[in-house]
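Colleague: for reference, the sequence and a predicted model appear below.
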Amino acid sequence: MSALFPGFERRQIAVSGATINLVHGGQGPALLLLHGYPQTHCIWHKVAPRLAQHYTVVATDLRGYGDSSKPAGLPDHSNYSKRALALDQVELMQALGYHEFHLVGHDRGARVAHRLALDHAERVKKLAVLDICPTQSMYARTDRAFAKAYFHWFLLIQPAPFPETMIGADPEFFLKYQMGRRYGGLKAFAPEAMAEYLRCFSDPAAIHASCEDYRAAESIDLEHDSADATKRLACPVLALWGKHGVIEQRFDCLAEWRAVAREVQGQALDCGHYLAEEQPEEVVQQLESFLA
């Protein structure tokens, strides 16, 4: 893994709800990067070294993913709520000495980032969300085409141990199918990064934890979102998404984010879901321009 992040230091930091694995490096304003499903912080290996030329970059494994701790889910899934996962990151950044920071999230990490910016607005200077619309609006607009494209949303929320057993029967097949079925296939992923994704996802505790992430999204996260329906993100928001993905096909991404944030800009990039690995140069350019 060290070869993926040259010059970065690896650490594990205990916060109130978990122990979080991370790499950090560079110098300048703090920049926190959060990954998505079914991956780890390694999704940022093509962009983090470039960003570290101007920022102190922190890339973490979310609770339940990578080499972070993976507690068993509670009956109400609250320990995998985006509120809980966001608090992990706030406490981690505080432990590193950063009271405020820029924040970038992809996929599940972008959902954690959205909640973090709502619950801890004073912490987030600018927020970039990659290839998502807000969770509540995506569920509200579910139709046959969306359910077919995002079938895993509805598989993973089934009660334990059904999805855990199904996925655990062949984690490598599931991971490669899930990542490879999207635009661009598997060729965007460096072999070293794919080996890390597979190593981490093959842990039964990681499979369970990732299911809990989705179970929380369909239950307690929606409760939190409904309670905050009138709140709008105070920080500037950059929304980027893949031109060849579901967000482009099924949603008006900028309109969805402008409904929940005061200041939004963004565009589609010429790629699928995995922006930072399919179009790293463009992602770096967009982030540097936005964060400057």
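Modeller: Received the coordinates, thanks. Just so it is clear, the model here is predicted, and its values are computed rather than measured. Numbering: from 1, shown residues only.
Colleague: what stretches of this structure score poorly on pLDDT?
Modeller: Within the chain, the segments meeting pLDDT under 70 span 1-2.
Colleague: which residues in it form strands?
Modeller: Per DSSP state E, the chain carries strands over the ranges 9-14, 19-26, 30-34, 56-60, 101-106, 124-130, 237-242, 264-269.
Colleague: with mean neighbour count and distance to residue 187 added, can I get the ones you listed in JSON lines?
Modeller: Where you see a C-beta, it was placed from the backbone N, CA and C, and this is true even at glycine. Output for these, formatted as JSON lines (neighbours: other Cβ atoms under 10 Å; distance: least, Cβ to Cβ, whole Å):
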{"stretch": "strand 9-14", "mean neighbour count": "14", "distance to residue 187": "27"}
{"stretch": "strand 19-26", "mean neighbour count": "22", "distance to residue 187": "25"}
{"stretch": "strand 30-34", "mean neighbour count": "27", "distance to residue 187": "23"}
{"stretch": "strand 56-60", "mean neighbour count": "26", "distance to residue 187": "23"}
{"stretch": "strand 101-106", "mean neighbour count": "26", "distance to residue 187": "18"}
{"stretch": "strand 124-130", "mean neighbour count": "24", "distance to residue 187": "19"}
{"stretch": "strand 237-242", "mean neighbour count": "25", "distance to residue 187": "15"}
{"stretch": "strand 264-269", "mean neighbour count": "18", "distance to residue 187": "17"}
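Colleague: make CSV out of those and add distance to residue 204.
Modeller: Listed next are those as CSV, based on distance: least, Cβ to Cβ, whole Å:
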stretch, distance to residue 204
strand 9-14, 21
strand 19-26, 18
strand 30-34, 23
strand 56-60, 22
strand 101-106, 25
strand 124-130, 28
strand 237-242, 31
strand 264-269, 35
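Colleague: which of the ones you listed sits closest to residue 213?
Modeller: strand 30-34 (12.3 Å; Cβ to Cβ).
Colleague: give me the contact list for that closest one.
Modeller: Residues outside strand 30-34 that contact it (Cβ atoms under 8 Å, 6 or more residues apart in numbering) are 41, 44, 48, 51, 55-60, 62, 89, 93, 96, 98, 100-106, 108-110, 112-113, 291.
Colleague: then stretch 129-141?
Modeller: Contacts for stretch 129-141 (Cβ under 8 Å, 6+ apart): 82, 104-107, 110-111, 113-114, 146, 217-218, 221-222, 225-226, 237-242, 245, 247, 250-251, 253, 256-257, 259-260, 273, 275-276, 283.
Colleague: do the same with stretch 76-85
Modeller: For stretch 76-85, contacts defined as Cβ under 8 Å, 6+ apart pick out 17, 62-64, 71, 73, 111-112, 114-116, 119, 135, 209, 212-213, 215-217, 219-221, 224.
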